[in-house]
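Visitor: Structure for the following, please:
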Amino acid sequence: MESPQTPKRSSCGGGLNLPATMSGTSLRLDNLSGSFRSISTLTSPSKKSSPSTCSDRFIPCRSSSRLHTFGIIEKDSPVKEGGNEAYSRLLKSELLGADYGSFSSPAGQGSPITSPNKNILRFRTETSGPNSPFSPSILGQDSSSICYEASTPPKPPRKVPKTPHKVLDAPSLQDDFYLNLVDWSSQNVLAVGLGTCVYLWSASNSKVTKLCDLGPNDGVCAVQWTREGSYISIGTSQGQVQVWDGTQGKKVRTFGGHQTRTGVLAWNSRILSSGSRDRNILQHDLRVPSDFVSKNVGHKSEVCGLKWSHDDRELASGGNDNQLLVWNQHSTQPIHRLTEHTAAVKAIAWSPHQSGLLASGGGTADRCIRFWNTTNGHQLNSIDTGSQVCNLSWSKNVNEIVSTHGYSQNQIMVWKYPSMAKVATLTGHSLRVLYLAMSPDGQTIVTGAGDETLRFWNIFPSMKAPAPVKDTGLWSLGRTHIR
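Guide: Residues are numbered from 1 along each chain as shown. Reported below is the predicted structural model:
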């Protein structure tokens, strides 16, 4: 039974339902001299409605909203009492933009219809399915950034073989951090210093040749090929530097000048540099009859690392005094004295991809790989590897660097530069990985250790196609003797 206080409602001819106590003339809508247009009778889509029935609900005319342009016209559905109208409005606002109301404004109001919201176009071009984890969320994620992430999935990491594809026995390969006894020539010949002898191993046919024997009173401390791969220099325990023709097997020159062992050598286009336990760096020239053309003095202890930049303009030297010095091609005094390392600096490598970028590694007490800008001497980055850094070599095919390590993990690590993300960690040597050289094609490295083995690893892609190098018959897994 209805309450007696409920006012009765009457139907007016003007299309409005008014209470019984209010007359239609009190509104005087028809006397406003055309200020407002007459209100058209709008019928409800409900099945119970009829043309003669008036309603006080405002239902927009969707024919003027152009929703068909974007393919989002809603299908007719019966209206449920107490339905999820609030949820529907939130969902439409989230999917269609905050200005969704501009599409559904009545045509009679004269309000302009704005251009489609950019979110709609983004949503329409979204390729992910409704169940995809990249689909737009009602929690307000930016659909444009989601589209970008979905269209560019992360590149899978490159796979590097975890085992060496060839192992050579190298008897009498010394376990001495300050020596440099392995080098790989541009003509694909590997030179190894074993005791008092130097052996050449051809990677093309696995042929082993004994180049020289220094005799019982001397020993090999360093080997280094020229860039052309025809001549090889040998540093001896008596302080001499010998130059041999690797093809003919003949000695070309002997340089003196050092007082004790010569443990590191480095060639540029014309000059041979040698570092010694006597703390000096000598510059030798085959075209000059004297033993050396200049002397670089700066280290306070044995020189154990030496590398020329690829453009021959700068020479980097590392010593047992924990210093990294940078020299230019004409100076006898260092232009940069870098002292951040806290242990001996043997590992040195110049980037082939960026001029003036130098990497260096410290010994057991330091364990860090540091990167330097040699233009101004500033340190760019430093990363703690967790173990002694024995060697560094930069790939010429990709912007990655390989490091070999000693105490305490004896591992080989490949890093991506400049992020220094680990590409691979390789193990196999039972003692410190003191020696490192790279093949002329830049795909294979050889490592040597005091366990008297040389191990060959395929770690870098080729320069043309970034795919792993396939083993050939010559590179089949096995162990042979280098002498």
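Visitor: Just the local confidence number for His330, please.
Guide: pLDDT, His330: 85.
Visitor: swap in Ser46?
Guide: pLDDT, Ser46: 44.
Visitor: same deal with Thr6?
Guide: So Thr6 comes in at 45 (pLDDT).
Visitor: could you measure Leu380 against His353, distance?
Guide: 14 Å (C-beta to C-beta, to the nearest Å). For glycine as for every other residue, the C-beta is placed from the backbone atoms N, C-alpha and C.
Visitor: low-scoring pLDDT stretches of this protein, where are they?
Guide: By pLDDT under 70, the weakly predicted segments of the chain are 1-84, 97-152, 464-483.
Visitor: can you map out the helices along it?
Guide: All helices of the chain, identified by DSSP state H, fall at 85-96, 118-124, 143-151.
Visitor: Let's see the first one as PDB, backbone CA atoms only.
Guide: Right, helix 85-96. Taking Å, rounded to 0.1, in the frame of the first residue of the first chain, the C-alpha atoms of helix 85-96 are listed here in PDB:
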ATOM      1  CA  GLU A  85      26.700   0.900 -14.100                       C
ATOM      2  CA  ALA A  86      29.600   2.300 -12.000                       C
ATOM      3  CA  TYR A  87      31.900  -0.500 -13.200                       C
ATOM      4  CA  SER A  88      30.800   0.000 -16.800                       C
ATOM      5  CA  ARG A  89      31.600   3.700 -16.600                       C
ATOM      6  CA  LEU A  90      35.100   3.000 -15.100                       C
ATOM      7  CA  LEU A  91      35.800   0.400 -17.800                       C
ATOM      8  CA  LYS A  92      34.800   2.800 -20.600                       C
ATOM      9  CA  SER A  93      36.800   5.600 -19.200                       C
ATOM     10  CA  GLU A  94      39.800   3.400 -18.900                       C
ATOM     11  CA  LEU A  95      39.600   1.800 -22.400                       C
ATOM     12  CA  LEU A  96      38.300   4.900 -24.300                       C
END
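Visitor: Bridging across strands, which residues link to Asn180?
Guide: With DSSP bridges as the criterion, Asn180 is bridged to Ala222.
Visitor: That one: what's it in contact with?
Guide: Shown in contact with Asn180 (C-beta atoms under 8 Å, 6 or more residues apart in numbering): 221-224, 235, 263-265, 435.
Visitor: Would you mark the buried spots in stretch 252-272?
Guide: Buried residues in stretch 252-272, defined by neighbour count with 16 or more other C-beta atoms under 10 Å: 255, 257-258, 261-268, 271-272.
Visitor: hmm, who's touching stretch 321-339?
Guide: With C-beta under 8 Å, 6+ apart as the test, stretch 321-339 has contacts from 268, 281, 294-301, 305, 312-319, 341-345, 348, 358, 360, 362, 366, 370, 372, 374, 377, 379.
Visitor: Which of these fall in strands?
Guide: Using DSSP state E, the members of those that fall in strands are 281, 294-297, 305, 314-319, 345, 348, 358, 360, 362, 370, 372, 379.
Visitor: Separate out the buried members of these.
Guide: So, by 16+ other C-beta under 10 Å, the buried ones in the ones in strands among the contacts of stretch 321-339 are 281, 296, 305, 314-319, 345, 348, 358, 360, 362, 370, 372.
Visitor: before we move on, back to that, make TSV from the buried residues of stretch 252-272 and add distance to Phe177 to it.
Guide: Formatted as TSV, these follow (distance: C-beta to C-beta, whole Å):
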residue	distance to Phe177
Phe255	25
Gly257	24
His258	19
Arg261	13
Thr262	16
Gly263	10
Val264	11
Leu265	16
Ala266	18
Trp267	22
Asn268	25
Ile271	26
Leu272	23
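Visitor: Those residues: which two are farthest apart?
Guide: Maximum pairwise distance in these, criterion C-beta to C-beta, is 22.5 Å, between Arg261 and Asn268.
Visitor: Count the neighbours of the nearest residue to His405 once chain neighbours are set aside for me.
Guide: Computed as C-beta to C-beta, 6 or more residues apart in numbering, the closest residue to His405 that is not its neighbour in sequence is Ser387, at 4.3 Å. By the criterion of other C-beta atoms under 10 Å, Ser387 has 21 neighbours.
Visitor: shouldn't Leu436 be in contact with Val446?
Guide: Yes: taking contacts as C-beta atoms under 8 Å, Leu436 lies within contact range of Val446: 7.4 Å.
Visitor: anything in contact with each of the two?
Guide: By C-beta under 8 Å, 6+ apart, the residues touching both Leu436 and Val446 are Val182.
Visitor: Which residue, other than its chain neighbours, is closest to Ala437?
Guide: Excluding the flanking residues, the one nearest Ala437 by C-beta to C-beta, 6+ apart is Trp184, at 4.0 Å.
Visitor: scratch that, Ala421
Guide: Nearest one to Ala421, counting by C-beta to C-beta, 6+ apart, is Trp415 at 7.1 Å.
Visitor: which ones are touching the residue nearest to Ala349 when sequence neighbours are not counted?
Guide: Computed as C-beta to C-beta, 6+ apart, the closest residue to Ala349 that is not its neighbour in sequence is Leu392, at 4.0 Å. With contacts defined as C-beta under 8 Å, 6+ apart, Leu392 is in contact with 347-349, 359-361, 369, 401-403, 436.
Visitor: Using a markdown table, please lay out those together with distance to Leu426.
Guide: Output for those, formatted as a markdown table (distance: C-beta to C-beta, whole Å):
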| residue | distance to Leu426 |
| --- | --- |
| Ala347 | 17 |
| Ile348 | 21 |
| Ala349 | 18 |
| Ala359 | 19 |
| Ser360 | 21 |
| Gly361 | 17 |
| Ile369 | 16 |
| Ile401 | 14 |
| Val402 | 9 |
| Ser403 | 11 |
| Leu436 | 12 |
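Visitor: Select from these the one having the most neighbours.
Guide: Gly361 (30 neighbours).
Visitor: hang on, the earlier thing: can you tell me which of the contacts of Asn180 is nearest Asp213?
Guide: Of the contacts of Asn180, the one sitting nearest to Asp213 (C-beta to C-beta) turns out to be Val223, at 13.9 Å.
Visitor: neighbours of the nearest residue to Lys300 once chain neighbours are set aside, just the number please.
Guide: In this structure, Lys300 finds its nearest non-sequential neighbour in Asp321, 4.2 Å apart by C-beta to C-beta, 6+ apart. Neighbour count of Asp321, defined by other C-beta under 10 Å: 18.
Visitor: Against Ser403, how distant is Asp321?
Guide: 22 Å.
Visitor: try Asn280
Guide: From Asn280 to Ser403 the distance is 28 Å (C-beta to C-beta).
Visitor: how many neighbours does the closest residue to Leu214 other than its chain neighbours have?
Guide: In space, Leu214 comes closest to Thr196 once its chain neighbours are excluded; the distance is 4.6 Å by C-beta to C-beta, 6+ apart. Using other C-beta under 10 Å, Thr196 is surrounded by 17 other residues.
Visitor: Touching, Thr196 and Leu211? I think so.
Guide: No: shown here, Thr196 and Leu211 do not form a contact pair, counting by C-beta under 8 Å, at 11.8 Å.
Visitor: and the residue nearest to Leu181 when sequence neighbours are not counted, what does it touch?
Guide: Spatial nearest neighbour of Leu181, chain neighbours left out: Gly193 (3.9 Å); criterion: C-beta to C-beta, 6+ apart. Contacts for Gly193 (C-beta under 8 Å, 6+ apart) come out as 179, 181-182, 220-223, 234.
Visitor: same thing with Ser360?
Guide: Going by C-beta under 8 Å, 6+ apart, Ser360 touches 305, 316, 318, 324, 338, 341, 345, 347-349, 369-370, 372, 392.
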